[in-house]
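Visitor: Coordinates only, no sequence provided:
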């Protein structure tokens, strides 16, 4: 079974600064996918970024990038130039080959202050 | 299409009553998922449909829970004889195949259930 660990219950960042949200994973499957989702206070989960285990380059989507370190089994999310609207819960998740069912971490609460 | 919708957004019920939630996925998505989320936790998988077929159910889904997707479009999740421990946010998601290793899931706003 796979496991996702997010060790930071809460993070604070100043507007326009960059922030890194940590995620480590555990699986014995060599083929897997890693995801980050954002959940604002409204409750709706929003997909941010995806990284496949065989992807050679780190994924990027606008201000979001995924720092994928396979040997360390980490998939940290980097948000550059933080905005007030980035304040939300952030969840790391993974799937393994043959199953589309993600396992989510417990999330990190990010607060961006002016 | 404006996204995944769920109805109702909030439901308060007394212990022992039955409740039913509805999810309308994005129309071209053939996969539909139900999750439960409690405070301070990430979503926990409950069940998953591909078209009208229910392909997988979590061990979390006791026999009081049942889900259907009769025509491969909308889905319903019913909880019979509700218990206080059923109080949670129930999330629905539909998916678009992203890669062999997972889908990009589009989530609805959730139904918050409170069992008194």
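Guide: That came through fine. Just so it is clear, the structure is predicted and the values come from calculations on it, not from any experiment.
Visitor: Can you tell me the number of residues neighbouring residue 33?
Guide: Chain wasn't specified; assuming chain A. 24 (other C-beta atoms under 10 Å in any protein chain shown). (C-beta placed from N, C-alpha, C; glycine too.)
Visitor: right idea, wrong chain: chain B
Guide: 25.
Visitor: Low-confidence stretches in chain B?
Guide: Low-confidence segments of chain B, defined by pLDDT under 70: B:1, B:97-101.
Visitor: Which positions in it make contact with chain A?
Guide: B:31, B:33, B:40-45, B:48, B:56, B:89, B:91, B:93, B:95, B:98-110, B:112 (C-beta under 8 Å from any C-beta of the partner chain).
Visitor: if you set the cut-off to 7 Å instead, what comes out?
Guide: Within reach of chain A by C-beta under 7 Å from any C-beta of the partner chain, chain B has these residues: B:31, B:40-43, B:45, B:48, B:56, B:89, B:91, B:95, B:98-105, B:107-110.
Visitor: Among these, the buried ones, what's the ChimeraX command?
Guide: A single ChimeraX command selects the buried members of the residues of chain B next to chain A (16 or more other C-beta atoms under 10 Å in any protein chain shown):
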select /B:31,42,43,45,48,89,91,95,98,101,102,103,104,105,107,108,109,110
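Visitor: Inside helices: which ones of the residues of chain B next to chain A?
Guide: Of those, none are assigned to helices by DSSP state H.
Visitor: List the pairing partners of the longest strand that chain B contains within its sheet, with orientation.
Guide: In chain B, assigned by DSSP state E, the strand with the most residues is strand B:88-99. Strand B:88-99 pairs in its sheet with strand B:31-37 (antiparallel), strand B:102-107 (antiparallel), strand B:111-115 (antiparallel), by DSSP bridges.
Visitor: residues making contact with the second one?
Guide: Residues from elsewhere that reach strand B:102-107, judged by C-beta atoms under 7 Å, 6 or more residues apart in numbering or on different chains: A:33, A:35, A:44-45, A:47, A:50, A:95, A:100, A:102, B:3-4, B:26, B:31, B:33, B:91, B:93-98.
Visitor: try 8 Å this time
Guide: A:33, A:35, A:37, A:44-47, A:50, A:52, A:94-95, A:100, A:102, B:3-4, B:25-26, B:29, B:31, B:33, B:91-98 (C-beta atoms under 8 Å, 6 or more residues apart in numbering or on different chains).
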